[in-house]
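Engineer: here's my sequence, what's the structure:
(chains A and B)
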Amino acid sequence: GAVVSQHPSRVICKSGTSVKIECRSLDFQATTMFWYRQFPKKSLMLMATSNEGSKATYEQGVEKDKFLINHASLTLSTLTVTSAHPEDSSFYICSARLAGWYNEQFFGPGTRLTVL
Amino acid sequence: GENVEQHPSTLSVQEGDSAVIKCTYSDSASNYFPWYKQELGKRPQLIIDIRSNVGEKKDQRIAVTLNKTAKHFSLHITETQPEDSAVYFCAASSRDFGNEKLTFGTGTRLTIIP
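Structural biologist: Here you go, the predicted structure:
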């Protein structure tokens, strides 16, 4: 199956700093990537849909100025958590989908963010 | 938007018995229904999926059924093994203003008792 990598796997930062998370599709081109957030023992909540070369579409309640998403190429999307606070601590997972509708999403391994 | 409900939230079964997890969805336009298995701290892994033009799909010990009229779909795991213990999520794929996205159920923690 298709492989999606995510970096870093874990990050600890101080309150007020910004953190960038990278999501890469290693062996396929992903016109669409997705960013999810998962709290402990909870489900995956979609934060935004990222289309290559265009602005991301954010879900209701997600602050686009706080969670900056860039999808500059067909294999890379980045999520930057700006001015992070302890409540931003979570497991962030990206996924990438092959071109076409209703196709499987391949998930990255996730990034555990801890904001002190 | 789409709303997906999943039951039960926890499920314990004896090794070798069957496990069934049920989901309902709200958007009749949803056409793709994947099931994911997630182990602690790991990424979700697709275990089976079904599209709206079929009612049932089977892959070895795992099967999924879909009832579009009632808007519900179920995961069936037979001959359960300890390695089946994990959290399982159902999802439904819908289109929202031209974007296709997955809405996940709340998850079922499955424990296989040896």
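
Engineer: for burial, what's the neighbour tally of residue 88?
Structural biologist: Since no chain was named, I'll use chain A. 19 (other Cβ atoms under 10 Å in any protein chain shown). To be clear about C-beta, it is placed using only N, CA and C from the backbone, and glycine gets the same treatment.

Engineer: chain B, not that one
Structural biologist: 23.

Engineer: show me the contacts for the residue nearest to the spatial centre of chain A.
Structural biologist: With distances taken as Cα atoms, centre = their mean, residue A:35 lies nearest the centre of chain A, 3.4 Å away. By Cβ atoms under 8 Å, 6 or more residues apart in numbering or on different chains, the residues touching residue A:35 are A:23, A:46, A:47, A:48, A:50, A:67, A:69, A:77, A:79, A:92, A:93, A:94.

Engineer: for chain B, see how far away it is.
Structural biologist: Distance of residue A:35 to chain B, computed by Cβ to the nearest Cβ, to the nearest Å: 11 Å.

Engineer: list the beta-bridge partners for that residue.
Structural biologist: residue A:48, residue A:94 (DSSP bridges).

Engineer: can I get the contacts of residue A:35 in a markdown table including distance to residue B:36, pLDDT and neighbour count?
Structural biologist: Putting the contacts of residue A:35 into a markdown table (distance: Cβ to Cβ, whole Å; pLDDT from 0 to 100; neighbours: other Cβ atoms under 10 Å in any protein chain shown) gives the following:
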| residue | distance to residue B:36 | pLDDT | neighbour count |
| --- | --- | --- | --- |
| A:23 | 17 | 96 | 28 |
| A:46 | 14 | 95 | 18 |
| A:47 | 17 | 96 | 24 |
| A:48 | 19 | 95 | 24 |
| A:50 | 20 | 90 | 25 |
| A:67 | 23 | 97 | 19 |
| A:69 | 22 | 95 | 24 |
| A:77 | 20 | 94 | 31 |
| A:79 | 20 | 97 | 25 |
| A:92 | 17 | 97 | 23 |
| A:93 | 11 | 97 | 25 |
| A:94 | 15 | 97 | 31 |
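
Engineer: of these, just say which sits nearest to residue B:55.
Structural biologist: residue A:46 (27.4 Å; Cβ to Cβ).

Engineer: show me what the strand or helix carrying that closest one is packed up against.
Structural biologist: Assigned by DSSP states H and E, residue A:46 belongs to strand A:44-51. Applying 3 or more Cβ pairs under 8 Å, 6 or more residues apart in numbering or on different chains; DSSP states H and E, one finds that strand A:44-51 contacts strand A:32-38, strand A:57-58, strand A:67-73, strand B:99-104.

Engineer: neighbouring strands for the shortest one, and are they parallel or not?
Structural biologist: Read that as strand A:57-58. When pairing is defined by DSSP bridges, strand A:57-58 lines up against strand A:44-51 (antiparallel).
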